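>>> Build me a structure from this.
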Amino acid sequence: MNTAADLIRSYLDAFNRADRPAMLALLTEDVAHDINQGGRETGRDAFAAFMARMDRCYRERLVDIVVMMETGGSRAAAEFVVEGEYLATDEGLPPATGQRYRLPAGAFYEIRGGRIARVTMFYNLQDWVRQVEGRGE
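Just a heads-up that it's a prediction; the model follows:
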């Protein structure tokens, strides 16, 4: 990878291809994952388990991706739109019936040794719930 931005683009491209091994290869062994409006999980194995649950419950693609990085290359951010389909009911969330959603989101990354050492996700969960429940604004 030439820059942190290239690393993040490769990671997001792997996400869009549903290439979980390629995504995991770009993470440090001790990666910290800050789950949107949730806790922090640590480690590549925990991240892999999280992605397995996500793949069971959701089909998502990221579009309109913009990657930003600070000049030192140790931090980066990405803004994107998540286009998704809710496939199977996720614990604590509304029932899944194949609902489609479109949701602005962002992620913040810490880079260490040419790999992603932290992924912090953010999106508006209330907006997602409104969309999958079929409620207007």
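
>>> Please tell me how far Asp19 sits from Ala46.
19 Å (Cβ to Cβ, to the nearest Å). In this view, the C-beta of every residue, glycine as well, is placed from N, C-alpha and C.

>>> now do His33
His33 is 7 Å from Ala46, by Cβ to Cβ.

>>> now stretch 62-78, how far from the centre of its chain.
13 Å (Cα atoms, centre = their mean, to the nearest Å).

>>> Identify the residues contacting that stretch?
Stretch 62-78 is contacted by residues 3-5, 7-9, 12, 15-16, 79-83, 105-112 when judged by Cβ atoms under 8 Å, 6 or more residues apart in numbering.

>>> of the residues you listed, buried ones?
Among these, those scoring as buried are 4-5, 7-9, 12, 15, 80, 82, 105, 107, 109-111 (criterion: 16 or more other Cβ atoms under 10 Å).

>>> Now pLDDT, secondary structure and distance to Glu133 too, for these, in JSON lines please.
JSON lines is the format used below for those (pLDDT from 0 to 100; DSSP: H, G, I helix; E, B strand; the rest coil; distance: Cβ to Cβ, whole Å):
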{"residue": "Ala4", "pLDDT": "89", "secondary structure": "helix", "distance to Glu133": "38"}
{"residue": "Ala5", "pLDDT": "91", "secondary structure": "helix", "distance to Glu133": "36"}
{"residue": "Leu7", "pLDDT": "96", "secondary structure": "helix", "distance to Glu133": "37"}
{"residue": "Ile8", "pLDDT": "97", "secondary structure": "helix", "distance to Glu133": "32"}
{"residue": "Arg9", "pLDDT": "97", "secondary structure": "helix", "distance to Glu133": "34"}
{"residue": "Leu12", "pLDDT": "98", "secondary structure": "helix", "distance to Glu133": "28"}
{"residue": "Phe15", "pLDDT": "97", "secondary structure": "helix", "distance to Glu133": "26"}
{"residue": "Phe80", "pLDDT": "98", "secondary structure": "strand", "distance to Glu133": "23"}
{"residue": "Val82", "pLDDT": "97", "secondary structure": "strand", "distance to Glu133": "17"}
{"residue": "Ala105", "pLDDT": "97", "secondary structure": "strand", "distance to Glu133": "19"}
{"residue": "Ala107", "pLDDT": "97", "secondary structure": "strand", "distance to Glu133": "25"}
{"residue": "Tyr109", "pLDDT": "97", "secondary structure": "strand", "distance to Glu133": "31"}
{"residue": "Glu110", "pLDDT": "97", "secondary structure": "strand", "distance to Glu133": "35"}
{"residue": "Ile111", "pLDDT": "97", "secondary structure": "strand", "distance to Glu133": "37"}
